[in-house]
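J.: Here is a sequence together with a model predicted from it:
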Amino acid sequence: MGTDDHTDVGLAELHAMADRIGLKRAWFQNKPRHPHDDLRRSKRALAIHHGAQDVDSFALVRHITRDVCSIYRITPSPGRN
């Protein structure tokens, strides 16, 4: 099973991390609201070793929701913390 490498800093940093851990550019998923690299568990561990932060899917959804709300200047509904 794979995981994703996502960035809140920018694509340049995401690609730099991908290069450091040996990801193929073909694994990059250029999604408008969620650009990311597909990772195998071994690459995930290597990314964390190189400074990536380990977050669960709920934290990722909260992060993306915050970004989208910021872009469209809307207030998110209160949810789980």
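T.: Yes, it's here.
J.: Sketch out the low-pLDDT regions of this structure for me.
T.: The chain contains residues with pLDDT under 70 at 1-9, 76-81.
J.: make it 50
T.: The chain contains residues with pLDDT under 50 at 1-2.
J.: biggest helix in it, by residue count?
T.: Secondary structure of the chain per DSSP state H: the longest helix is helix 57-72.
J.: how about it: buried residues?
T.: Burial within helix 57-72, assessed by neighbour count using 16 or more other Cβ atoms under 10 Å, is assigned to R62. Glycine gets a C-beta too; all of them are placed from N, C-alpha and C.
J.: okay, it in CSV with CA atoms only?
T.: This file holds the C-alpha atoms of helix 57-72, laid out as CSV (Å, rounded to 0.1, in the frame of the first residue of the first chain):
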residue,chain,number,x,y,z
SER,A,57,-5.4,11.8,6.6
PHE,A,58,-7.6,13.9,8.9
ALA,A,59,-4.8,16.4,9.3
LEU,A,60,-4.2,16.5,5.6
VAL,A,61,-7.9,17.1,4.9
ARG,A,62,-7.9,19.9,7.5
HIS,A,63,-4.9,21.5,5.9
ILE,A,64,-6.4,21.3,2.4
THR,A,65,-9.7,22.7,3.6
ARG,A,66,-7.9,25.6,5.3
ASP,A,67,-6.1,26.4,2.1
VAL,A,68,-9.2,26.2,-0.1
CYS,A,69,-11.2,28.3,2.4
SER,A,70,-8.4,30.9,2.4
ILE,A,71,-8.3,31.0,-1.4
TYR,A,72,-12.1,31.5,-1.7
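J.: which stretches of the chain form strands?
T.: For the chain, applying DSSP state E gives strands covering 3-6, 28-29, 36-39.
J.: Who are the packing partners of the shortest one?
T.: This points to strand 28-29. strand 36-39 (3 or more Cβ pairs under 8 Å, 6 or more residues apart in numbering; DSSP states H and E).
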